[in-house]
Structures are given as structure tokens and as C-alpha cells.
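Q: coords please:
(3 chains)
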Amino acid sequence: MNRKVLGFGVALVVPLLAILVVNLGRDPQRIDSPLIGRPAPPFSLAPVGGGEPLTLDKLRGRPAVLNFWATWCAPCYEEHPVLQASARTLGPDVQFVGIVYEDQEENVRSYLRSQGSAYPNFMDAGGRAAIAYGVSGVPETYFISPDGAIVDKFSGPLDARSLADRVARTRAARSASR
Amino acid sequence: MRARLGFALLVGLTPALALPAAQATSAPDELPGIEDAAERLGPPGARPLSGAELEAETKRVSALLRCPVCQGLSVADSPATLAVNMRNRVRELLAAGYAEQQVLTYFEGAYGEFVRLDPPVRGVNWTLWLAPLGALLLGSLVVFWMMRAPKAPGDVALPAERPAAAADPLPDDAELAQYVLRVREQVYGWPGGVRPAKTGS
Amino acid sequence: MTPVLGRTLILLSLLAATAGATVSFAAARGRGQAAWDWSRRFAYAYAGLIVAANLLMVYALLARDFSVSYVAHVGSRSVPTWVAIVSLWSSLEGSILFWGFVLGVYVALAAWTNRARHLEYMPYAAGVWLSCAAFFSFLLAGPAQPFLTIASPADDGPGPNALLQNHVLMAVHPPFLYGGYVGFTIPFGLASAALLAGRLGQDFLRPLRTWLLVPWIFQTIAIVLGGWWAYEVLGWGGYWAWDPVENASLLPWLTATAALHSALLTERKGVLKGWTVTLVQASFLLTILGTFMTRSGVFNSVHSFTQSAIGPTILVFLAAATVFCVALLAARIDRLEAERALSPGASRDTMFLVNNLLFVLFTFTVLVGTVFPLVVEALRDKQMSVGRPYFDRMAVPIGVALLFLMGVGPALPWGRATAAQVRSALLPPAANGVLLALVGLAAGARNPWTLLTFFFGGYAAHVTLRELWLPVARRVRERGEGLARAVGEVQRQGRRRVAAYVVHAGAVVMMIAIAVSSTMGASREVQLARGESFELGHYTLRFLGAEVVREPHREATVARIEVSRAGRVLEIMEPAMNQYGNQREPIGTPAVRSAALEDLYLSVMNVDAEAQALGLHALVNPLVGWIWAAMFVMAAGSVFALVPVRRRPAEGAAAAEAVPAGAAASGS
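A: Have a look, this model is predicted:
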């Protein structure tokens, strides 16, 4: 028995196998956002259909839900009614904002005409806001506290329940940040 | 996961875009892209770039960023829309005078360390450089040690009357040994494949 | 019916492999010739059954039999025949079935060629091969079953991944990759046999080397073809991105290359037996690691198959194989004693050791870089990336050092060398190195690593050609033979030596081409309206217009670009953007114009046929074609090494004088 070979082999191989075991079943697509708990990045977005641009400070004072979406995305289509219903039930004290990701305004307009919309949507020219928020696919939803900090981020389509939970937490986060 | 549903959905015609009354009052910023960068990064740390230099730097710096939707390709290489947008963003920041490190920090702030293809040299990441260096040192020591100490006694115990053979050892296999001699004869021009006796060490 | 037959074939192949492994180990433990005969019969039976299962699957794919689960998963009525056949390995279960096919062929061939030789070792080796075969049949019988019955089959299927339908190279690349990956099982079995037998004699090095060289050739071709495919299909203008799965294919190639060199030293001097065997074992383990990486969903990669229960099963196999290797090496390595000592100092021996050090360091670095994000994720719960900039920075110096060795190593004599010998061997090629570096400088190379590559490349080329030419020249001069005859005699008498230098020549060309193509290109991104043009390098490119072409399985928007140089129109290039039915993101098909010294590479970023607007990424990639050409040289050289030398009986006296064929050729 060559102890040197044994020791060296074990030292090389055991950590490698352990790491592989630990990582098994992890979703390699999941990326944690570094923005959580930090001030939301500012933006300036043109409304779909024209009008005055929206900037971050106009969202101050109320919790805000920023939903990045696109007409070509199937999960967004699933999520759309949930967002509309929640925007109506949660009332005017929560500001819902739709931000269109990599899409044509023309497509968005007809989509909204047919699907309806309970809150304003904005075009993100050049994907500036998406990049500032670290969006890597749609739908992605950010929850912003009344004083302008990102409380949570959700990737993928939301259901009514988890949306309501997150909004409640965003509301409570008022004094926690800053 | 993503299907081309958009076109199928153009059919219905429900008007009434439920847009609440405009809340906006201020005019759009002249450089909307820089605004949030300025807030996060402070004043630019380098001189503004332009022209060919800007293009070259954009290419170089965006090669250090990972395209978040493309599995391993860099922002410089990827044809994806997001990568194109990110590339434009890099260009804007460099044009505004932000330094390479600031640009990387900007993207890291939004996407996390994941977005950096070239991991920053800090904390545990030191392992990436120290482990291969350690392996190189260890390996060099082993090679050095092997080349110094003749381990097998065979080398020392070779018959003294055949110094040439000691200097130019042959394989044990007889056929092979003959072959090696032949190669030596052809390549070095030694008669019979044996090194001609010569003075000097 | 077909699914049931398929399942039966797979279960029988599992049975044959398991029984064969048991009988083989029994034969090795002294049960004699009868047991060995039976273990070979089981090996042939295994091969026959698994090959039959593959043929059945191909039949089902061609017949569009959607009652077979795998066909329902990847089959489609709208794809052409070649895509239907290629679908065999386009998805997870099928790729493991195909793995079985390749393994079956390898095991049968290796058992057959050694049926009456090396009886001391072969039963052990067959036992190891058939154990691996049993594992893969188990995988097919359970977690990766491709022959499940679909009770109410659909009328059509989705077809394979669009990326795989996009280029013919995708039909060629995987078979070569499997020829490499799977093939390392054979030398692994032989090396394990040497350890189990506690002996590695000169005679047994021959089959070990030959069966290591075969998968090495496949792997070499596969790696380059993979790069070629990426270049022709992915549209970003490069061929190697240090993607985890690309790294996975490189790792066993690196250790196997090291093993081929250390085996030479083992053969010459009877030294480093344990080390050679370790490298062979490592190559095999790295192929299994690579298989795990592609099939577990742990890595996010272009090439990955989707997540499934197959990952954990392969991980268990990897763990078991690793424990087996470490235990076996620890228990038996001391029995593989060195027969002689190495020659110290500036000798070729030293260069071989440094070569091995560098290859292992290369492997280790790539492995660390590939796995490190997983370590950070596990320990810190944080995602990070290790990408191309890191790997380039680490690999370039190692590559240049290897190029240096490729020049200096063969220039040095075997054994101890005097200072004068060293000087006269090493100095003359430097002139050629300087010459090539100056050529590079004149061509515009400014990157110091590229210039260094030119210098060492010129140096190594000089040494390589000198080693190839000198014996020929000597025959011509001293025996007055004609050139053709001299070349024929030299290659006949030292075929492996000649072959090795041909491979080296290919490698030198490839390394220079890689250095040049990655540092001396030019590129531009432009937005164009119809009729607009722009300049890149000495080309003028004009956008003539875009049109939509509808095909059954895709819709292509083709941009027409007029390429001219100095006012003369060279060609109309047609890069395209393809929209496949089952996918949102369109996939570009770049257009490549290859010339002797550079490629013009056009890739569509966005195109609108209605508005006649085009976003184009245009690159000039120098010497890329030389990489593919160099691959053919390396492949041809190494295949040449496998061709047995035949003695010409007519030559009477000359033949008696000549070296016996066996010494030069690599037997099996």
C-alpha cells in the first residue's frame, strides 16, 4: 500500500466529488440579485402610447411593483391576468408598473388592447432599465419599498398568492431600509 | 419556455388603455443612461473616450462581461439582444469617462459577481491563481528531485567499459534496441548507432 | 412492439455484460482458457445486442414510430432523413444508447485483436470493460430508458434541438466525440489490468499505447470539429469559448496526450510505469466527469442536456470508478518498478518530464477553473463565473511553454548530453524562430504572446522538419537512393517516429493559427439600410437586400451582401437568420468566405425583410482555416502511426538487415 498515492488521491478526489454532490439538483439558471436591500436604480421610461416619461422618484411614497415583460413571452401571458387582478384588488396604494423588455411598441399596444391593462406600461429603450435592474429574462418582477429600496425580486410568472405576500412584505419594509 | 405567442394574440380589439393620468412633470434627462451610473459609481475615474479608441475599449471591456442569457458567451461575442444592449451601455459609460473597473462594478451591482467572466482577484477567488501556482511549484520540485537523484541502482551499475552505452541507454527489448541504434545511425550519423569515442566530457 | 423489443435487447445486453464481467474476473483469477473464451463470447454478445438496440432505434426514428418514447421526444415528420438519423444522439437517452453502441464496438474489437495475446492481463481488462458496459446498460434499462412505450402515440413530434439541425458538422462531431470519450474505456481496462496483475511488461505497453492512441485521435478530431461547428453555426465568430462542456472534452485529451508521451519514456527506459498508468486512469475518470458535466444539469452550457435523474446515477458511477482507481493505484503502484533510471540534466528525458508536468498543470488549471464556481456556490451560496479571460490568461503561457518544448525536446539527444552537443542542437533552429517572428511582426503582430508563438513555432517547425528530413537526406547522400525510395524506407523503418513528427508539425501549425486568429483579427458591427456599404480591412461590404425563404421546418431571412475588394466584386455572401417553429430566439447562420490566409465572417445580428434593415457583425479572422487543416495533418499523422509495417519479402538481404517490423509499428 503506497500511502503517498493514497493520501494524494483522496485529497484530490474527495473534495471534487463532494462539490459535485452538493451541486446536484441546483438550478444553474438561478442567479441571486445583488440589488435586494439596496436603493432602486433610477430610470426614465416613455409610456406606451406616448406621454410624459416616468422616473423613479414619482414612485416614492407607495410600494411599487415593477414587472418586466414582453409580448413574445409565454409565461408573461400566463402571468398577465394575475397582475391585472392584483393591481385592481390591491388598489391605488400599490403602484404597478409594466416595463416592456425587448419588444416593439406596436406589438405591445395591440397586446394591451386585446388583453387589457389595469396599470401603465412603459417602453425601455435600449434595455437601459432592464440592465440597471439586472434583468436576464422575462418575466421578472421587482418590489420597491415606499422609500425607494428594492425589497424583493421574483423571476418567472407570479401567482396571486405569492404576489400578495410579497407586496405585504414590501409595505412593511418601509422603516427597515435606510 | 418562451413561445411566439405575441402574434397569436393580436386578434382581439379591446380599446381603453387603462393609463392613469400622467404623473410626470420633469423633462427626460439628456443622458438617461448615465444618471443611474452616476448615482452608483460617483464621478468618472478616467478620461472620456471616443472614436476608434472607444470601439476598441468597448470590445475589450465587454469581453470581460458575461452575457446573462447566453450560457458562457461574453457580452462582446454574443449576438443576443440583451448583449447588444449591454455592449451599448459599456460604450456609453466609457464615452462618459468611466474607468474599466467602474464599468465592471456597475454591471456587478446589477447582476452580481456572476456577470464577470474574469473573476475579480479577491477573497476565495485567490484560489484560482494560487492553486495552479502551487501545483506548478510542487510539480517542478518533483521533476527537479527526479532529475537529480538516480533512484534505480541500474544506472550506476552499468558496465564501465561501455561508457557510450551508459550515456545513450537502450531499451531492454532487443528488437527495439536494434531499432534505436538504427535511428541513431541515420539521424546522428554514428556508425552502427553507437556514439563515436570523443574527448571532452 | 418496437419498445418491447428494444427493452428486451437492452436487458439482454445488461445480462451479457454482467455475466461477461464475472466470467472475465474468474478467468483472471486462474480459471484458465475456457473461462477466457467465455468472457470473450459474452463481450461479443454484449456488442451484438447493444448494436442491435441502436439499429432498432434508428429504424424507429426513420419509421417515425412515435410509440417509442425517445422518438416521441425528438422525432418529427418534417425533418430530412439525415436529421432523423442524427436524432439518435441529439438528446439524453439516445446519446447514452449511442454510447453503448460505441462501447460495444470498442470492446468487441479490443477483445478480438487480443484474443490470443497477453493472457496474463486480458481477462482483467475484459472484466473492467464489461463492468463499464454493464453500468451503461443499467443506465439504459433504468434512469435513461429510451424505449418506453407511449400508450397513445401522437401523430408528430417536436423534432430535435434546432441548433443540431442547423449544420451538417453536427452529424459528424458527436460520433467522433464518442469515439474519443467511450474509447478511453479500453486503455483504462488495460491499465487496470496491469495494476491488477501487478506487472507492466514491455510487451503489454504496445496494446496500451495503441488503444490509447485510437481514442486520442478521435478526441483530437472531435475537439477541433466542435470548434469548427461552433464557428460555422453559433455566429459569434470564434471557435472556442472555454465553456464547461468544451473544457470537459479537453481535460481527458490533455491527460491522454501526457500519457502518450510518458508511455514513450516507459517504453524506452522502463521508467514511470506507475505514472503512465495513473495518467491513463485519470483520462478515463475525466471522460466520466465530462459525461456527468454534460448530463447532470449542474453546468449551464450550450451543449448541456437537460436535467434528469441520470446525473446522480452517473455521479455514483464516477465515485465508484474513482475509488476503484485510487485504491488500485495505492495498492499496486509499487509493484510496477522502474527498470532503469532517468538521465539527468539537459536531456530529452527531462523534457519529457517537463512536458508531463505542463500537461498535468494544464489539466489541473482547467479543472479548477471549471469547477470553481460550483465550489463558491456550495460554500458561499453565491453565483460567480470563471470565463474566457481567466482561461486564456492561464492557458496561453502553458501553451507557449509546450510549443517551446516541442522545439527543444526533440532537438536534445536521448540520455546525457554534453554542453557542446546541446549548443549545436539548440542554436541553429533559433534562426528560423527569429525569421518567423519577424514575418509575424511584419504582418502586424504586436501581442507579445503571439510573437513568442511565432518564435517558438518557427523553432519547433525547424526541429520537426529537421528530424523528418535528416534520415532521408542521409540515405540519399550515403546510399545514393532516390528521394522517393529514401522517404519510403525511412517511414517504413521508423514509422512511429515519422508519424509523431507529422503530428508535431500539425500541432505547431495549429498553435500558430490559434495565436494569430485570436489576436490579429478585425471586426465591426454596423446597422445598414439597403444599398449602404462599409469597409472592413481591405473589403467593401454592401447590403443588397434581405428576403424571406420558407422551408418546411424553418423560416430563414437571408441577407445578401456584396463583397468587393479594390473595386472588384468577389462574391455575394448570404448570412441568414432562421426562425424555427419550436423556438422563440431566432438562430443565425453566419456566412464564411474562406481564403488561404483569412476568413471573412458575416453574422446577422438583426434583420427586417420588410424594412430592408440589417444589423451585421463582420469579422476578418486570419488563419482560422489553418486550424482545421492542421487537425487533418495531426489526424493523418496519428492514424499513420497505427498502420502496421509490412516487410517486403522480395528484399532478401536488405530485409534481413532492416529493423524487424514489430519494433517500429505499434502492434495491438
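Q: what's the burial count for C:P312?
A: Neighbourhood size, C:P312 [other C-beta atoms under 10 Å in any protein chain shown]: 16. To be clear about C-beta, it is placed using only N, CA and C from the backbone, and glycine gets the same treatment.
Q: Got the phi and psi for it?
A: phi -60, psi -40 (degrees, to the nearest 10).
Q: excluding its backbone neighbours, what's nearest it?
A: A:L24 (6.0 Å; C-beta to C-beta, 6 or more residues apart in numbering or on different chains).
Q: Contacts only, for the one you found.
A: C:S296, C:V298, C:G311, C:P312, C:L315 (C-beta atoms under 8 Å, 6 or more residues apart in numbering or on different chains).
Q: Mind checking which of those are in helices?
A: C:G311, C:P312, C:L315 (DSSP state H).
Q: Columns distance to C:E246 and pLDDT on top of those residues, output as CSV?
A: Listed next are the ones in helices among the contacts of A:L24 as CSV, based on distance: C-beta to C-beta, whole Å; pLDDT from 0 to 100:
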residue, distance to C:E246, pLDDT
C:G311, 19, 85
C:P312, 24, 87
C:L315, 21, 92
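Q: Switch those residues over to a markdown table; also include distance to B:P48.
A: Putting the ones in helices among the contacts of A:L24 into a markdown table (distance: C-beta to C-beta, whole Å) gives the following:
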| residue | distance to B:P48 |
| --- | --- |
| C:G311 | 50 |
| C:P312 | 54 |
| C:L315 | 52 |
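Q: what about the helices in the stretch 101-250 of chain C?
A: Assigned by DSSP state H, counting those that start in this stretch, the helices in the stretch 101-250 of chain C fall at C:122-141, C:162-165, C:169-181, C:185-197, C:202-233, C:244-269.
Q: Now tell me which of those the model trusts least on average.
A: Lowest mean pLDDT within these: helix C:162-165, at a mean of 72.
Q: What is that helix packed up against?
A: Under the contact definition 3 or more C-beta pairs under 8 Å, 6 or more residues apart in numbering or on different chains; DSSP states H and E, helix C:162-165 sits against helix C:81-86, strand C:576-580.
Q: pull the CA atoms of it into CSV?
A: C-alpha atoms of helix C:162-165 as CSV (Å, rounded to 0.1, in the frame of the first residue of the first chain):
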residue,chain,number,x,y,z
ALA,C,162,-32.8,23.4,-33.6
LEU,C,163,-29.1,24.0,-33.1
LEU,C,164,-28.4,20.5,-34.1
GLN,C,165,-30.4,20.7,-37.3
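Q: Against chain C, how distant is the closest residue to chain B within chain A?
A: Per C-beta to the nearest C-beta, A:E52 is where chain A lies closest to chain B, at 2.7 Å. According to C-beta to the nearest C-beta, to the nearest Å, A:E52 stands 29 Å off from chain C.
Q: which phi and psi does that residue have?
A: Here A:E52 shows phi and psi, under degrees, to the nearest 10, equal to phi -70, psi 140.
Q: What is the burial count for it?
A: Other residues near A:E52 come to 16 when the count uses other C-beta under 10 Å.
Q: Okay, now the unreliable bits of the chain?
A: I went with chain A, as the question did not name one. Residue ranges of chain A with pLDDT under 70: A:28-29, A:174-178.
Q: looking at chain C here, not the other one
A: Looking at chain C by pLDDT under 70, you get C:31, C:300-308, C:581-585, C:647-668.
Q: Close to chain A: what parts of it are there?
A: Selection of chain C residues close to chain A by C-beta under 8 Å from any C-beta of the partner chain yields C:274, C:292, C:296-300, C:311-312, C:315, C:318-319, C:322, C:325-327, C:329-331, C:333-334, C:371, C:374-375, C:377-378, C:381-383, C:584.
Q: In strands, which of these appear?
A: Secondary structure from DSSP state E places none of those in strands.
Q: could you flag which of these are buried?
A: C:274, C:292, C:296-300, C:311-312, C:315, C:318-319, C:322, C:325-327, C:329-331, C:333, C:371, C:374-375, C:377, C:383, C:584 (16 or more other C-beta atoms under 10 Å in any protein chain shown).
Q: Closest residue of the stretch 351-500 of chain C to chain B?
A: For the stretch 351-500 of chain C, C-beta to the nearest C-beta, closest residue to chain B: C:G387, 3.0 Å.
Q: OK, contacts around that residue?
A: With C-beta under 8 Å, 6+ apart, C:G387 has these contacts: B:R66, B:G72, B:S74, B:L117, B:D118, C:W242.
Q: Out of those, which comes closest to C:E93?
A: Nearest to C:E93 among the contacts of C:G387: B:G72, at 24.8 Å, using C-beta to C-beta.
Q: For the residue nearest to that closest one when sequence neighbours are not counted, what are phi and psi?
A: Closest residue to B:G72 apart from its sequence neighbours, by C-beta to C-beta, 6+ apart: C:D243 at 4.3 Å. Note on C:D243: its backbone torsions stand at phi -70, psi 150 [degrees, to the nearest 10].
Q: C:F534 too?
A: Dihedral angles for C:F534 - degrees, to the nearest 10 - are phi -150, psi 170.
Q: Surely it and C:V526 touch.
A: Yes: at 5.1 Å, C:F534 counts as touching C:V526 under the criterion of C-beta atoms under 8 Å.
Q: which residues of chain B score low on pLDDT?
A: Ranges of chain B meeting pLDDT under 70: B:1-35, B:149-175, B:196-201.
Q: hang on, the earlier thing: any idea which of the contacts of A:L24 is closest to chain A?
A: C:V298 (4.9 Å).
Q: mind listing the strands for the chain?
A: With no chain named, the answer covers chain A. Going by DSSP E, chain A shows strands at A:44-47, A:54-55, A:64-69, A:95-100, A:121-123, A:140-144, A:150-155.
Q: That was the other one, I meant chain C.
A: C:522-529, C:533-536, C:539-550, C:554-565, C:568-573, C:576-580, C:587-589, C:591-594, C:598-608, C:613-622.
Q: Dump the ones you listed into TSV; add mean neighbour count and distance to C:M406 as well.
A: Listed next are these as TSV, based on neighbours: other C-beta atoms under 10 Å in any protein chain shown; distance: least, C-beta to C-beta, whole Å:
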stretch	mean neighbour count	distance to C:M406
strand C:522-529	15	30
strand C:533-536	14	35
strand C:539-550	17	35
strand C:554-565	19	36
strand C:568-573	13	37
strand C:576-580	21	41
strand C:587-589	22	37
strand C:591-594	18	27
strand C:598-608	22	25
strand C:613-622	22	22
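Q: could you dump those strands to TSV with distance to chain B?
A: Converted to TSV, the strands of chain C look like this (distance: least, C-beta to the nearest C-beta, whole Å):
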stretch	distance to chain B
strand C:522-529	8
strand C:533-536	12
strand C:539-550	15
strand C:554-565	11
strand C:568-573	17
strand C:576-580	8
strand C:587-589	6
strand C:591-594	14
strand C:598-608	5
strand C:613-622	7
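Q: tally of neighbours for the closest residue to C:F176 other than its chain neighbours?
A: Excluding the flanking residues, the one nearest C:F176 by C-beta to C-beta, 6+ apart is C:A222, at 3.8 Å. Using other C-beta under 10 Å, C:A222 has 24 neighbouring residues.
Q: surely C:A222 meets C:H173?
A: Yes: at 6.2 Å, C:A222 and C:H173 qualify as touching, with contact defined as C-beta under 8 Å.
Q: Thank you, goodbye.
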